[in-house]
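**Q** got a predicted model here, sequence first, then my questions.
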Amino acid sequence: MSVDQTTVRRIAQLARIKVKDEDLPALEGELNVILDWIEMLNEVDIDGVEPMTAVVETSMKKRKDEISDGAMPDSIMANAPASDDHFFVVPKVVE
Amino acid sequence: MSELTELTISAAREGLKAKSFSAVELTQAYVTAVERARILNAYVKETPELALEMAKTSDKRLATGDAGPLEGIPLGIKDLFATKGVHTQACSHILDGFKPTYNATVTQNLFDDGAVMLGKLNMDEFAMGSSNETSYYGNVINPWRRKDSNVALVPGGSSGGSASAVAAHICAGATGTDTGGSIRQPAAFTGTVGIKPTYGRVSRWGIVAFASSLDQAGPIARDVRDSAILLKSMASPDPKDTTCVDQPVPDYEAAMTGDIRGLRVGIPKEYRVDGMPGDIDALWHQGADMLKARGAEVVEVSLPHTKYALPAYYIVAPAEASSNLARYDGVRYGLRVPSDDITEMYERTRAAGFGPEVIRRVLIGTYVLSAGYYDAYYVKAQKIRTLIKRDFEEAWSRVDVMLTPATPSAAFAPGEITDPVRMYLNDVFTVTVNMAGLPGIAVPAGLSDEGLPLALQLIGRPFDEETLFRTAQVIEEDSGYSAHPEVWW
């Protein structure tokens, strides 16, 4: 499988990364080199093979459903590029 | 370089205990060495005041006799590990100005054991790279150079700052992370020892995530004993990471008995790849002979799906990365490129904040996870991962440990490899280990024809790091490897 420039643009939109028009041909080329190389996997017979879900066989750790930590809004907001009274500030999203 | 920076962690530990020097003296020697070696660009943030303050506390504890196992030992911390109040940006522009309000479990474990932090170490952006050329803070330079040459070389990646700093003796040891070879490959390129533990041995909490099913932290150190000392402190059970196992951490130093009689060592025949340089092939044979001479039994094994590990990795890792890196949106932390429209703000922030290799991988990951392609790529890659793991499981019925080369070449020059797939091939011998969740250690064992360090890799059974340390120490001793880069900086 390979991608064309329209697909690269669509993927970039899905990934929320602005890509300039003049960068599309180079990206198309680079992604196709990688995708061509990955095609090698089609040689492998994967019939009846289960996809891996965990590398280490282990039962999921569980903890008691109780609050053990929290009440640290200052700490959570400390790195926000824009905040106001413990709220993250973003451009207006509803009219 | 002063004499104190020449000491390994185990030697410094003895010196501090015997009061031959103080933790402040040791730390001051490193602080000076770090300043003199800035041309290597190994540190992205030096923290000398913090280091000396920590060393003072260590001296107090050493005086009262309640010193921890790493009391007063000056370490470098990869920029991927959260350090409270200190630069933690995964060497990406998108985490501009980020200072965590907490320590990663690994950093906390090291500090609890008395370690001193000299600063944060350079790395490939978000740990994506094999040459430390993708860092927002510029390339790291390898202290090693080819025989009779002044040409700069890469230290490998992504833990390139860690490897360069350990090799240049501007820290006593360093933390690293390994998703496809990012501890072992730079260790190999710099003549240092690097171990990627079994997935789940070390907590990932507070480490900036790249590919969560593959990421694992481990140390880079000057010798095998130091790496055993560091891993003992880094590893712990951790309720904050559900994939971190609740198993006690063994005393790895105690496992280094030198006795490998009867050990069954596997040589995976699929690792004999076309075009392998003669010096690496020769080193591999020498390694097998050394182990045999110490009473180990060397047998050939087969891991038939080896060649599919790397292409499958380049589906799994970018897929997980595209998902993990979705959090960098300019809202909660890091860089924000303002706009009146929120989608535009996300898109501009991410375009400005991510470098080209990160963008490439996020796009690949987004593509392979997008509607209609998930089964063809991601599910298929995870099935191949099952086959890779099965290959190893079958081999473990015949052998206890495997011996392979660590890398397909010695260190190369910056700009020498520009094709992404050629760069990815650096991890051809290391990536299978991540795909199967196994432990692997790179140990220097000789020099290339050009006078650069070359390493062998040992691969172990899940949670059998002890056998790796024991066997690696035998290689370290019997190869007689003791080369150091000449100080030119």
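**A** Received the coordinates, thanks.

**Q** how about the strands of the stretch 1-150 of chain B, start to end?
**A** Assigned by DSSP state E, counting those that start in this stretch, the strands in the stretch 1-150 of chain B fall at B:43-46, B:74-78, B:116-121.

**Q** mean pLDDT, mean neighbour count and distance to chain A added to those, as TSV?
**A** From N, CA and C alone the C-beta is placed, and that goes for glycine too. TSV is the format used below for these (pLDDT from 0 to 100; neighbours: other C-beta atoms under 10 Å in any protein chain shown; distance: least, C-beta to the nearest C-beta, whole Å):
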stretch	mean pLDDT	mean neighbour count	distance to chain A
strand B:43-46	98	21	16
strand B:74-78	98	31	19
strand B:116-121	98	28	16
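
**Q** can you put those strands in TSV and add distance to B:Lys389?
**A** Formatted as TSV, the strands of the stretch 1-150 of chain B follow (distance: least, C-beta to C-beta, whole Å):
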stretch	distance to B:Lys389
strand B:43-46	36
strand B:74-78	27
strand B:116-121	32
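
**Q** you'd agree B:Ile359 is up against A:Ile17?
**A** Yes: contact criterion C-beta atoms under 8 Å: B:Ile359 and A:Ile17 qualify, at 6.0 Å.

**Q** which neighbours do those two have in common?
**A** Residues touching both B:Ile359 and A:Ile17 (C-beta atoms under 8 Å, 6 or more residues apart in numbering or on different chains) are B:Ala351.

**Q** what number of residues lie near the closest residue to chain B within chain A?
**A** For chain A, the residue closest to chain B is A:Val55, as judged by C-beta to the nearest C-beta, at 2.7 Å. By the criterion of other C-beta atoms under 10 Å in any protein chain shown, A:Val55 has 21 neighbours.

**Q** how about the contacts made by it?
**A** B:199-200, B:213, B:389, B:435-437.

**Q** got a list of what the residue nearest to B:Ala127 when sequence neighbours are not counted touches?
**A** Closest residue in space to B:Ala127, ignoring its immediate chain neighbours: B:Ser158 at 4.0 Å, by C-beta to C-beta, 6 or more residues apart in numbering or on different chains. Applying C-beta under 8 Å, 6+ apart to B:Ser158 gives the contacts B:123-124, B:127-130, B:132, B:177, B:179, B:182, B:186.

**Q** do the same with B:Pro485
**A** B:142-145, B:167-168, B:191.

**Q** wait, a helix at B:Ile315?
**A** Yes: B:Ile315 forms part of a helix when assessed by DSSP: H, G, I helix; E, B strand; the rest coil.

**Q** just the element for B:Tyr367, please.
**A** Taking DSSP states H and E as the definition, B:Tyr367 sits inside helix B:356-369.

**Q** now do the buried residues in that helix.
**A** For helix B:356-369, burial by neighbour count (16 or more other C-beta atoms under 10 Å in any protein chain shown) applies to B:357-369.

**Q** what's the farthest-apart pair in those residues?
**A** B:Glu357 and B:Leu369 (18.7 Å; C-beta to C-beta).

**Q** now do the helix or strand of chain B with the lowest mean pLDDT: which elements does it pack against?
**A** Here the helix or strand of chain B ranked lowest by mean pLDDT, DSSP states H and E is helix B:420-424, holding a mean of 90. Applying 3 or more C-beta pairs under 8 Å, 6 or more residues apart in numbering or on different chains; DSSP states H and E, one finds that helix B:420-424 contacts helix A:24-38.

**Q** quick check on the residue most central in space within chain A: phi, psi?
**A** By C-alpha atoms, centre = their mean, chain A has its centre lying nearest to A:Ala15, at 7.2 Å. With angles defined as degrees, to the nearest 10, A:Ala15 sits at phi -80, psi 0.

**Q** which non-adjacent residue is nearest it?
**A** In space, A:Ala15 is closest to B:Thr366, 4.3 Å off (C-beta to C-beta, 6+ apart).

**Q** show me what contacts the one you found?
**A** Contacts of B:Thr366 by C-beta under 8 Å, 6+ apart are A:11, A:14-15, B:322.

**Q** got the buried residues for stretch B:293-304?
**A** B:294, B:296, B:298, B:301, B:303.

**Q** now the end-to-end length of it.
**A** Between the opening and closing residues of stretch B:293-304 there is a gap of 28 Å (C-alpha to C-alpha, to the nearest Å).

**Q** from the middle of its chain, how far away would it be?
**A** 26 Å (C-alpha atoms, centre = their mean, to the nearest Å).

**Q** circling back to that earlier point, A strand includes the residue nearest to B:Ala127, no?
**A** No: counting by three-state DSSP, one finds B:Ser158 to be coil, located in no strand.

**Q** measure A:Leu31 to B:Glu347 for me?
**A** According to C-beta to C-beta, to the nearest Å, A:Leu31 and B:Glu347 sit 18 Å apart.

**Q** of the buried residues of stretch B:293-304, closest to chain A?
**A** B:Leu303 (13.6 Å).

**Q** thought that closest one was touching B:Glu270?
**A** Yes: under the criterion of C-beta under 8 Å, B:Leu303 makes contact with B:Glu270 at 5.3 Å.
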